[in-house]
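# Got a sequence here, can you build the structure:
(2 chains)
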Amino acid sequence: MEVLSPFSGKLIKVLVSQGAKVSEDDEIFVIEAMKMETPIYAPCGGTVKELKVKENQDIEADDILAVIE
Amino acid sequence: MRPYFEKMDDFGRALKEGEIKRAEENVKQIKEVEAGIDALVAQAKKAGMPEEKINERGEMTVWQRLEYLVDPGTWCPLHTLYNPADNKEGTNNVFDGLGKISGKWAVIIGFDNKVLAGAWVPGQSDNILRVTDMAKRLHLPLVWLVNCSGVKLDEQEKFYANRRGSGTPFFRHAELNQLGIPVLAGIYGTNPAGGGYQGISPTILFAHKNCNIAVGGAGIVSGMAPKGEFDNAYVEDLIDKTRHFKSNPPGTPKVHYNETGFFRYVYEEEKGVLDGLKEYMKEVPCYNPKFFRVAKPAEPKFSSEDIYKLIQFEQKKVYNFDEILARLVDNSEHMEYRPDYGPEIYTGLVKVDGFLMAVIGNRQGILPKGYPEYADYPGIGGKLYRQGLVKMNEFVTFCSRDRVPIIWFQDTSGIDVGDIAEKAELLGLGQSLIYSIQQSCIPQMLIVLRKGTAAAHYVMGGPTANDHNAFTLGTATTEIYVMHGQTAAVATYSRRLVKEKDAGKPIEPIIEKMNQIAKEYYENSRPAYCAKYGLVDEVVPMKAMRNYLVAFAGSVYQNPASICPLHQMILPRIIKDFKTIKERQAK
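Below is the predicted model:
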């Protein structure tokens, strides 16, 4: 399953690494936008197959952040 | 209207394991602040003489009196840390709160007889005026425990006179009487001059046998120094006179029960006075709650302890306001008003202890794409935009029309700014909300959940709405300031930085000042500061918020000055119709 950025901003925290196992609702990213930090949670449990972003990267809405299998 | 209110829409969900685990540090941070507030409260309560000393004299302390007077489990303290003049005694010398006496809600206030025998001190009159205002707004009896030695003479210039000085409460007592709101006073100890008027200005006076109330005290042996200043000869004479001076205080029950009859009752025991107040409270006007309840009282489906895990201590982190609200209202049910409009603001009807209440609160997080509709930039919760302001104006107006009391929750960073926002009329809509609140005729209360910032703190039912805001609560996460400290530092020093830089001067001193201003803003916006200087009326634990909602609901529906028959309300029908239209459109 693809994890999409819900809005544009700066990805300030990447809390998982490729290959990591995650549970549904684990906090996996934090995006800063409009001076506020918004956590992004794993939409499902599984393994992080692909990690498509790095910390401090600017992102746009609907960018793919990760793929969880 | 039973189908509208008996079962409303469910909202909220149980926390997941991951959420609970993630919140551990957050819970710790909040509870640390709460423990700090608890310590300050304990210190304020202990001010003055020890309880044992007072008891040795055969007297009860104000806290012992309150404990005996108030029905167990109903006391909701207010202004406990309010000490705006920073008195060295650590208190403004009155304590107050909402509580039930003989099953009925009252606003209750007492002088702290441990400190200077309950003297007037700086900052106190403003506390008393907050309390008389609250009795007026909630249309509740005001119950006094009078024990007031009069002016603290060496600081009289700070509070004796003035528009909101220590004499003003006597006019407020008269105003309450004019409005049909009784002021009951239990009177203890020596109450000369100002203390005398504290005693005489209420409606019915319940006196302890050892008390007195009088225009002035008997302790003044002589008048002014005849030579215009004091010298040795004068003070030697004064010492001699004082040694031989004996006088009974004027205005004891011998005069004011037997002669004037000002005291309705006199009691041998201190507790007798309180029993007298309890007896009279049984007789004050009070509807049976069933007259106004729209459903059976019910606890929220989710624990109030969850709030510690939901609200974020770090001000930059977002959270779900609806989940917090679901932990405060009966059965976690609501009827949301216009959920698709003004998404940064929650407006809805809920039940608290079975009574119908309205809620307005800031939602957090990034707003849906395309909102605000007038701008090309994204919207963020906590900020106010056009639709949110319009929605609040509508909702307050309908609540006023339907006589539904409002509970506000603030966590706001302000109203959207810039020319685009000005074209969208936000300045005018903010003031319109102030107008809507001011022309309403319903009591309101506010909880500053986290940020109270800029004009948004005013327009969202803040304490500045003095005629309507009965009280404002803070929490461990409250911060109140005109803007964030870092923003203020930039606003103050950015031009200066340019000047210094261009002049080739070192900029480090400016950086130091910027950090200093940011630090000061932080310290002067924190919960303890807000409580001490009256920016909020009490800082309450997260888990106690519902107690105050229950007290507020019970108070406003106890003997309302104005009512709207349930079946003549318009707001629930509007909510229902919006929902029906939306459901049809979805099909």
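
# Only C-alpha atoms from now on, for both contacts and neighbour counts.
Will do.

# Contact residues of chain A facing chain B?
Within chain A, the positions near chain B by C-alpha under 8 Å from any C-alpha of the partner chain are A:F7, A:D25, A:D26, A:A33, A:M34, A:K35, A:M36, A:E37, A:T38, A:P39.

# and those, which are buried?
The neighbour-count criterion (16 or more other C-alpha atoms under 10 Å in any protein chain shown) marks A:F7, A:D25, A:D26, A:A33, A:M34, A:M36, A:E37, A:T38, A:P39 among the residues of chain A next to chain B as buried.

# From these, which land in strands?
Within these, residues falling in strands by DSSP state E are A:A33, A:M36, A:E37, A:T38, A:P39.

# Spit out the contact partners of the last one.
Residues counted as contacts of A:P39 (C-alpha atoms under 8 Å, 6 or more residues apart in numbering or on different chains) are A:E27, A:I28, A:F29, A:V30, A:I31, B:V318.

# Check the second one too.
Shown in contact with A:M36 (C-alpha under 8 Å, 6+ apart): B:K316, B:K317, B:V318, B:G365.

# let's go with 6 Å and repeat that
Counting by C-alpha atoms under 6 Å, 6 or more residues apart in numbering or on different chains, A:M36 makes contact with B:K316, B:K317.

# Quick check: residues of the stretch 251-400 of chain B near chain A?
Contact residues (C-alpha under 6 Å from any C-alpha of the partner chain) of the stretch 251-400 of chain B with chain A: B:K316, B:K317, B:V318.

# ok, the first one touching A:T38?
Right, B:K316. No: the pair B:K316 and A:T38 fails to qualify as a contact (C-alpha atoms under 6 Å) at a distance of 8.4 Å.

# Looking at the residue of chain B most remote from its centre now. What's its pLDDT?
Of all residues in chain B, the one whose C-alpha sits farthest from the chain's mean C-alpha position, using C-alpha atoms, centre = their mean, is B:A233 at 53.2 Å. Reading off the confidence values, B:A233 has pLDDT 86.

# Redo the ones in strands among the buried ones among the residues of chain A next to chain B as JSON lines? Include pLDDT.
Output for those, formatted as JSON lines (pLDDT from 0 to 100):
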{"residue": "A:A33", "pLDDT": "87"}
{"residue": "A:M36", "pLDDT": "88"}
{"residue": "A:E37", "pLDDT": "90"}
{"residue": "A:T38", "pLDDT": "90"}
{"residue": "A:P39", "pLDDT": "91"}
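
# Send me the helix or strand where B:P169 lies as CSV with only the CA atoms.
When secondary structure is defined by DSSP states H and E, B:P169 falls within helix B:168-178. Backbone C-alpha positions of helix B:168-178 (Å, rounded to 0.1, in the frame of the first residue of the first chain) are rendered in CSV as follows:
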residue,chain,number,x,y,z
THR,B,168,-17.5,48.4,44.4
PRO,B,169,-18.7,45.0,45.5
PHE,B,170,-21.2,46.6,47.8
PHE,B,171,-22.9,48.2,44.7
ARG,B,172,-22.7,44.8,43.0
HIS,B,173,-24.5,43.2,45.9
ALA,B,174,-27.2,45.8,45.5
GLU,B,175,-27.3,45.1,41.8
LEU,B,176,-27.7,41.4,42.4
ASN,B,177,-30.5,42.1,44.8
GLN,B,178,-32.2,44.3,42.2
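
# Spell out which parts of chain B neighbour chain A.
With C-alpha under 6 Å from any C-alpha as the criterion, chain B meets chain A at residues B:K316, B:K317, B:V318.

# Could you pull up the mean pLDDT of stretch B:152-164?
Model confidence over stretch B:152-164, given as mean pLDDT, is 95.

# swap that for stretch B:8-27, sorry
When pLDDT is averaged along stretch B:8-27, the result is 94.

# For it, buried residues please.
Taking 16+ other C-alpha under 10 Å as the basis for neighbour counts, the residues of stretch B:8-27 that come out buried are B:M8, B:F11, B:G12, B:A23, B:N26, B:V27.

# Which residue comes closest to the fifth one once chain neighbours are left out?
So the one you mean is B:N26. Here the nearest residue to B:N26 in space, its sequence neighbours aside, is B:F313; by C-alpha to C-alpha, 6 or more residues apart in numbering or on different chains that works out to 5.9 Å.

# hang on, the earlier thing: restricted to buried residues, select the residues of chain B next to chain A in ChimeraX.
For anyone working in ChimeraX, the buried entries among those, judged by 16+ other C-alpha under 10 Å, can be selected with:
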select /B:317,318
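
# Adding secondary structure and pLDDT as columns, could you present the residues of chain B next to chain A in a markdown table?
Shown next, in a markdown table, are these (DSSP: H, G, I helix; E, B strand; the rest coil; pLDDT from 0 to 100):
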| residue | secondary structure | pLDDT |
| --- | --- | --- |
| B:K316 | coil | 91 |
| B:K317 | strand | 94 |
| B:V318 | coil | 95 |
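
# any idea which of the residues of chain B next to chain A is the one closest to B:R403?
Ranking these by separation from B:R403, with C-alpha to C-alpha as the measure, puts B:V318 on top at 32.9 Å.

# Surely the closest one touches B:L367?
No: shown here, B:V318 and B:L367 do not form a contact pair, counting by C-alpha under 6 Å, at 11.7 Å.

# helix/strand/coil for the residue most central in space within chain A?
For chain A, A:F29 is the residue whose C-alpha lies nearest the centre (C-alpha atoms, centre = their mean; 4.0 Å). Three states are possible here, and by DSSP: H, G, I helix; E, B strand; the rest coil the one that applies to A:F29 is strand.

# before we move on, the earlier item: what distance do you get for the residue farthest from the centre of chain B to B:F245?
Distance, B:A233 to B:F245, by C-alpha to C-alpha, to the nearest Å: 18 Å.

# which residue sits closest to B:Y522, ignoring its sequence neighbours?
Counting by C-alpha to C-alpha, 6+ apart, the nearest residue to B:Y522 once its immediate chain neighbours are dropped is B:G485, at 6.3 Å.

# how many neighbours does the one you found have?
Using other C-alpha atoms under 10 Å in any protein chain shown, B:G485 has 22 other residues around it.

# My guess is it contacts B:A518. True?
Yes: counting by C-alpha under 6 Å, B:G485 sits close enough to B:A518 to count as a contact (4.1 Å).

# Next, the buried residues of the helix holding B:P169.
For helix B:168-178, a neighbour-count test (16+ other C-alpha under 10 Å) marks B:T168, B:P169, B:F170, B:R172, B:H173, B:A174, B:L176, B:N177 as buried.

# Look up the closest residue to residue 2, ignoring the ones flanking it.
Just so you know, I chose chain A. Nearest residue to A:E2, sequence neighbours excluded (C-alpha to C-alpha, 6+ apart): A:V67, at 4.4 Å.

# You answered for a different chain; I wanted chain B.
Leaving out its chain neighbours, the residue that sits closest to B:R2 by C-alpha to C-alpha, 6+ apart is B:V294, at 7.1 Å.

# what does B:L356 give?
B:V350 (6.0 Å).

# One more: B:Q431?
Setting aside the residues directly before and after it, B:Q431 is nearest to B:V459 in space (C-alpha to C-alpha, 6+ apart), at 7.2 Å.

# How about A:A33?
On the basis of C-alpha to C-alpha, 6+ apart, the spatially nearest residue to A:A33 that is not a chain neighbour turns out to be A:G9, at 4.7 Å.
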